[in-house]
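# Here's a sequence, model it:
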Amino acid sequence: MADIYDATRSLPEGEMQLLLDAIASVIPAGSPVVDVGVGTGRFALPLQQRGYNVVGIDISKAMMAKAAQKGVEQMVFADVQKQPFRDDVFEAAVLVHILHLVSDWATVVKEAARVSRGTLISVLETSEGSDRGAMRQEYLDMRFKLGYPLVRLESGEGGLREKVAPDRLVPVIEAQRDKAADEELSHFEQRGESMTFDVPDQAHKEIIAALRAKYGGTTLRSKTRIDLAVWSAARLRGLSLIDQKKG
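Numbers count the residues shown, from 1 in each chain. Take a look at the predicted model:
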């Protein structure tokens, strides 16, 4: 994923600046921030450039190497489910595109809340009338029918929002997205989405063939909304998330 991550996850420059402005409106300037699942530094670098004291944590050395090449200065190689930091050492924790990748999302949230004295923030993207969302759901449905159900929290940070309502939801962007289905299908075929990681090759090929027969040559359209979700770290520490792990 390290070599294709930025090309498939990046926002247009103008939208990214709006999102960073929203983050800056929530986290006091110059504060210590932990980027949980720093990846290629997509958020760590611009926050660092804006004067935040950012520390990234990740378990992928390949992703962290990309971040280092960009100029991310402080990173720790460690499991986000057991962060090697003292309680309350950061003002805020940033969790973006991480909860759907871990085996125990509730522990990741609890750990992020433990090391943060202020807030946890995340980027929530929702789509209306989404052809892309429909195609993703069909992949999930087909892998289930073939005997390979997904047991992680595929809805990720959006799933956390459903289980624990944010203290604040800051609207950032509303945009129309159009994307060639063939481009998205190639991304899936190359296993660029986490939902494809653990599907055996033959089953994966079968699913891709079915999706290509239905969506090939079309345009995927959706109306996308991006919000910044803000949770109080103290509130999350006080909640029992253990019983909410499933789903």
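
# quick one: secondary structure of Val34?
strand (DSSP: H, G, I helix; E, B strand; the rest coil).

# Repeat that for Ile173.
At Ile173, secondary structure determined by three-state DSSP is strand.

# Now it. Nearest residue, chain neighbours left out?
Ile226 (4.2 Å; CB to CB, 6 or more residues apart in numbering). Every residue, glycine included, has its C-beta placed from N, CA and C.

# Do me a favour and average the pLDDT over the one helix or strand the one you found maps to.
Ile226 belongs to strand 219-232 when assigned by DSSP states H and E. Per-residue pLDDT values across strand 219-232 average out to 90.

# Direction included, what does that strand pair against?
strand 116-128 (antiparallel), strand 168-180 (antiparallel) (DSSP bridges).

# Export the ones you listed as CSV, with columns for distance to Val102.
As requested, those are exported to CSV (distance: least, CB to CB, whole Å):
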stretch, distance to Val102
strand 116-128, 14
strand 168-180, 23
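
# Of the ones you listed, flag the one that's most buried.
Counting by mean count of other CB atoms under 10 Å, strand 116-128 has the highest mean neighbour count of the strands paired with strand 219-232, with a mean of 20.

# Just the residues contacting the helix or strand that it is followed by, thanks.
Later in the chain than strand 116-128, the nearest helix or strand by DSSP H and E is helix 131-145. Contact with helix 131-145 is made by 127, 149-150, 154, 177, 179, 181, 184, 188, 193, 195-196, 199, 203, 206-207, 210-211, 214-215, 218-222, as judged by CB atoms under 8 Å, 6 or more residues apart in numbering.

# in helix 131-145, what's buried?
Asp131, Arg132, Met135, Arg136, Tyr139, Met142, Arg143 (16 or more other CB atoms under 10 Å).

# Turn the residues you listed into JSON lines, columns for distance to Val33.
Shown next, in JSON lines, are these (distance: CB to CB, whole Å):
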{"residue": "Asp131", "distance to Val33": "35"}
{"residue": "Arg132", "distance to Val33": "31"}
{"residue": "Met135", "distance to Val33": "35"}
{"residue": "Arg136", "distance to Val33": "30"}
{"residue": "Tyr139", "distance to Val33": "34"}
{"residue": "Met142", "distance to Val33": "39"}
{"residue": "Arg143", "distance to Val33": "36"}
